[in-house]
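Peer 1: the following comprises the amino acid sequence and a computationally predicted model.
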Amino acid sequence: MKNMIKLPFAATLLSLALIGCASKGGIKVEEAKPNPLPKIQVTQGLNQVFSSSVSSSPKHDSLYLQLDRANNVFYSVDPDGEVTAYDGKKRLWEVRPSKELTAGISVGSGIAVVGTRQGKLIALNAQTGETVWTQQLTGSILSPSLIEQNRVVTITNDGTVYTHDAASGQMVWTFDLPNAPLSVRGYAMPTLLDSRTVGVATANAYVYALDLITGVPRWQRRVAVSEGRGDIARLIDIDSRPVVVNGNMVTVSYQGQVTMVDLASQQVRWSEDASSLTSPAADGNAVYVANSDGRLVAYNFADGSKLWENDQLLHRGLSNPVLLGGVLVVGDYDGVLHLIDPATGQIHGRAETKGQVRDLRVEDNLLYVATDKGHYTVWQNLVN
């Protein structure tokens with residue numbers, strides 16, 4: 001077992017918010033109050049096309065579970081152990097492969113993959129829900145697997161990268177990430193850097209590029225540095241997936257920087273101060289970051305210069321931002337989806353779901369939303 005301490009993100013924020021007090025009550029906690037919803041002129045909306053509800057995530061450890069889709073079938077995962085497949089509103093199948101699920105769901109190569117806190121990786125037949133194979137890993141599985149080229153790539157919370165054959169479940173290769181003595185709990189889901197290379201972000205602010213087929217390391221690059229003096233202040237985790245756009249990789253770290261790396265040369269193109277545990281969004285014009293304090297910042301894609309900053313959503317517990325067509329979307333602690341003009345940073349629409357928005361994802365021009373209250377929704381861009 002690797003020697004490391006993993007802090008839940010909520011505990012990390014609480015540690016940073018503690019202020020000493022001489023009163024008999026001991027330590028006084030001063031929490032920043034969320035900004036109220038800004039008054040806006042609504043000119044943009046979203047149309048909900050699918051929804052389902054599962055159990056809420058544990059309050060002490062909200063999970064980053066996700067909804068997935070393949071061949072027009074939606075797949076949802078419940079923290080209480082159920083996996084369900086839907087064709088529209090019709091439930092195709094529902095199974096309970098475990099008493100508890102903490103990661104998933106990822107669908108590809110004919111299987112749906114989920115994981116447990118005890119390190120069990122489970123592959124289900126995507127058409128029937130029957131268990132195809134299971135593998136026991138060495139640590140908790142807290143982020144979804146990546147399924148590409150008949151490979152299932154999974155990161156456990158002890159810092160081991162596993163790759164299994166999608167059809168048989170046989171282990172193909174493993175890779176041990178470096179040990180960070182103190183870090184925020186969890187690892188980002190692996191991301192595909194190119195057709196043959198998988199990228200893994202770590203707690204020591206490195207990204208490792210591994211050959212998807214063989215596991216051989218291709219390169220590694222440090223993408224952030226810490227200037228903190230204490231252990232908590234030196235936390236510099238990259239706890240979110242890198243984003244790949246136009247041959248460039250964009251990362252953002254906690255208490256560190258947003259950084260763009262040219263994948264061909266592995267050289268840093270630019271880096272600017274930022275702090276976030278959620279993935280950035282990027283297109284050919286700009287990179288968008290939701291900072292931990294709720295500031296939204298857009299950086300010029302070419303040189304990293306700041307294009308705009310929006311502080312209307314301070315302390316609202318923002319999710320990762322995503323681009324849906326020509327709209328920037330970010331969710332908050334109260335289940336509000338904010339629609340933002342990516343050119344100006346102005347908020348011009350909103351939609352509502354239930355619970356704190358934990359994960360946003362856009363695929364095939366559909367917005368996938370998951371909240372800590374177990375509410376999954378899928379939305380289309382709607383122009384009024």
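Peer 2: Structure received.
Peer 1: which intervals of this structure have sub-threshold pLDDT?
Peer 2: 1-30, 60-62, 180-186, 227-237, 383-384 (pLDDT under 70).
Peer 1: how about 80 then?
Peer 2: 1-31, 58-64, 179-186, 226-238, 382-384 (pLDDT under 80).
Peer 1: what sits against the residue positioned nearest the centre of it?
Peer 2: The centroid of the chain falls nearest to residue 240 when counting by CA atoms, centre = their mean (5.0 Å). When contacts are counted by CB atoms under 8 Å, 6 or more residues apart in numbering, residue 240 touches 188, 201, 251-252, 276-280, 320. All C-beta spots, glycine's among them, are computed from the backbone N, C-alpha and C.
Peer 1: swap in residue 380?
Peer 2: 46-47, 49, 365-367.
Peer 1: weed out the non-buried ones from these.
Peer 2: Neighbour-count burial within those applies to 46, 367; the criterion is 16 or more other CB atoms under 10 Å.
Peer 1: JSON lines for the contacts of residue 380, including distance to residue 378 and secondary structure?
Peer 2: What follows is those, written out as JSON lines (distance: CB to CB, whole Å; DSSP: H, G, I helix; E, B strand; the rest coil):
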{"residue": "46", "distance to residue 378": "10", "secondary structure": "strand"}
{"residue": "47", "distance to residue 378": "10", "secondary structure": "strand"}
{"residue": "49", "distance to residue 378": "5", "secondary structure": "strand"}
{"residue": "365", "distance to residue 378": "11", "secondary structure": "coil"}
{"residue": "366", "distance to residue 378": "5", "secondary structure": "strand"}
{"residue": "367", "distance to residue 378": "7", "secondary structure": "strand"}
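Peer 1: re earlier: need phi/psi at the residue nearest to the centre of the chain.
Peer 2: phi -130, psi 160 (degrees, to the nearest 10).
Peer 1: how much space separates it from residue 223?
Peer 2: According to CB to CB, to the nearest Å, residue 240 and residue 223 sit 12 Å apart.
Peer 1: so what sits against both of those two?
Peer 2: By CB under 8 Å, 6+ apart, the residues touching both residue 240 and residue 223 are residue 251.
Peer 1: contact partners of stretch 328-339?
Peer 2: By CB under 8 Å, 6+ apart, the surrounding residues in contact with stretch 328-339 are 34, 37, 44-46, 281, 288, 290, 296, 313, 316-323, 327, 340-342, 347-357, 360, 367, 369, 371, 373, 375, 379.
Peer 1: got it, and stretch 265-276?
Peer 2: Residues contacting stretch 265-276 (CB under 8 Å, 6+ apart): 209, 219, 221, 223-224, 240, 248, 252-262, 289-293, 297, 299, 303-304, 306.
Peer 1: in strands, which of those appear?
Peer 2: Of those, the ones assigned to strands by DSSP state E are 209, 219, 221, 248, 252, 256-262, 289-290, 297, 299, 306.
Peer 1: in ChimeraX, how would I select just the buried ones from the residues you listed?
Peer 2: Remark: buried members of these, expressed as a ChimeraX selection using 16+ other CB under 10 Å:
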select :209,221,248,252,256,257,258,259,260,261,289,290,297,299
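Peer 1: the nearest residue to residue 311 once chain neighbours are set aside: what's it in contact with?
Peer 2: In space, and not counting its chain neighbours, residue 311 is closest to residue 295: 5.3 Å by CB to CB, 6 or more residues apart in numbering. Residues near residue 295 by CB under 8 Å, 6+ apart: 309-311, 314.
Peer 1: Serialize the contacts of residue 380 to a markdown table and add fields for distance to residue 156.
Peer 2: Formatted as a markdown table, the contacts of residue 380 follow (distance: CB to CB, whole Å):
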| residue | distance to residue 156 |
| --- | --- |
| 46 | 35 |
| 47 | 38 |
| 49 | 34 |
| 365 | 33 |
| 366 | 30 |
| 367 | 29 |
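Peer 1: pick the one among the contacts of residue 380 closest to residue 172.
Peer 2: Nearest to residue 172 out of the contacts of residue 380 is residue 366 (CB to CB; 31.5 Å).
Peer 1: pairing partners for the closest one in the sheet, please.
Peer 2: Partner residues in beta bridges with residue 366, using DSSP bridges, are residue 363.
Peer 1: I'd guessed it sits against residue 377; true?
Peer 2: No - the pair residue 366 and residue 377 fails to qualify as a contact (CB atoms under 8 Å) at a distance of 10.4 Å.
Peer 1: run through the residues that contact the nearest residue to the residue nearest to the centre of the chain once chain neighbours are set aside.
Peer 2: Nearest non-adjacent residue to residue 240, counting by CB to CB, 6+ apart: residue 279, 3.9 Å away. Neighbour list for residue 279: 188, 240-243, 252, 320 [criterion: CB under 8 Å, 6+ apart].
Peer 1: out of the residues you listed, who's the most crowded?
Peer 2: Counting neighbours by other CB atoms under 10 Å, residue 252 leads these with 29 neighbours.
Peer 1: that one and residue 131: what is the separation?
Peer 2: Applying CB to CB, one obtains 37 Å for the distance of residue 252 from residue 131.
Peer 1: now do residue 194
Peer 2: Distance from residue 194 to residue 131, by CB to CB: 32 Å.
Peer 1: residue 123 too?
Peer 2: Counting by CB to CB, the gap from residue 123 to residue 131 is 7 Å.
Peer 1: these two: who's more crowded?
Peer 2: Comparing residue 123 with residue 131 by other CB under 10 Å, the one with more neighbours is residue 123, at 26 against 13.
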